[in-house]
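In: My questions are about this predicted structure, shown below with the sequence.
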Amino acid sequence: MKKISLKAISQQLVAVLVLQTIAFAGFAQEKYHAKDKVTLTVSGTSTMHDWTMKSSKGEANAVFTVNGTSVTGCTFLSFVTPSESLKSEKSSMDKNAYKALKTSSAPTLSFNLTSATVAADGTVKAQGKLSLAGTTLATELVGVAKVNADKSITVKGSKKISMKEYSIDPPSFMMGAVKTGNDVTVAFEITFTK
């Protein structure tokens, strides 16, 4: 029977630990942040014309797992945007939108992740809580995460939302002559850095 020395066992153990460290180094979870690199575009329809409101204000935090040039996991994600940072081309529309969004009592729009899956192509399916106009509902946001050349991560996606689900009365204008549709699309683009 061949004897195995303590030195040989120690060397093999060290080799295994080094290989595991190298293997897991490429899959490290890291914290990312975005301040004023959060772009939201809310678009909808009305009886007169389509409309759009945009914001480039906000803050987001995330924990991503990155393997080389691919995002492979997301364990934390939150973003918040001041509701009144959303602007259209018409201040009268903004005023009516802020009233509908109840910005005096609910000054922010926010999302907080509860769980996520990331596909091989970078598609992130994020389950979480979306808060609009003081109402918080469970929802799924779907976006695509891309690692940029500078190692920042950009996540882009969109979500169709029913205003009535969030207890929002669709705004009307010109004493009710122009009414907005119930459904809006919220498009987002967030660029995270370490």
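Out: Perfect, thanks for sending it. Residues are numbered from 1 along each chain as shown.
In: in the sheet, who's paired with residue 76?
Out: residue 63 (DSSP bridges).
In: do the same with the one 5 residues further on
Out: Beta-bridge pairing for residue 81 (DSSP bridges): residue 109.
In: That one touches residue 40, doesn't it?
Out: Yes: between residue 81 and residue 40 a contact is recorded at 5.6 Å, counting by C-beta atoms under 8 Å. Yep, even glycine has a C-beta here, placed from its N, CA and C like the rest.
In: list the residues that contact both of those two?
Out: 55, 58, 109 (C-beta atoms under 8 Å, 6 or more residues apart in numbering).
In: In contact with the second one, which residues?
Out: With contacts taken as C-beta under 8 Å, 6+ apart, residue 58 has the following neighbours: 34, 36, 38, 40, 79-82, 85.
In: would a markdown table of the residues you listed with distance to residue 141 be doable?
Out: Output for the contacts of residue 58, formatted as a markdown table (distance: C-beta to C-beta, whole Å):
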| residue | distance to residue 141 |
| --- | --- |
| 34 | 15 |
| 36 | 20 |
| 38 | 13 |
| 40 | 12 |
| 79 | 10 |
| 80 | 14 |
| 81 | 14 |
| 82 | 19 |
| 85 | 19 |
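In: Mind picking the lowest-pLDDT entry from these?
Out: Looking at the contacts of residue 58 by pLDDT, the weakest one is residue 36, with 83.
In: what about the strands in the chain?
Out: For the chain, the strands defined by DSSP state E occupy 29-35, 38-44, 51-55, 59-67, 70-82, 108-118, 123-132, 135-147, 153-162, 172-173, 178-179, 183-192.
In: Thank you, goodbye.
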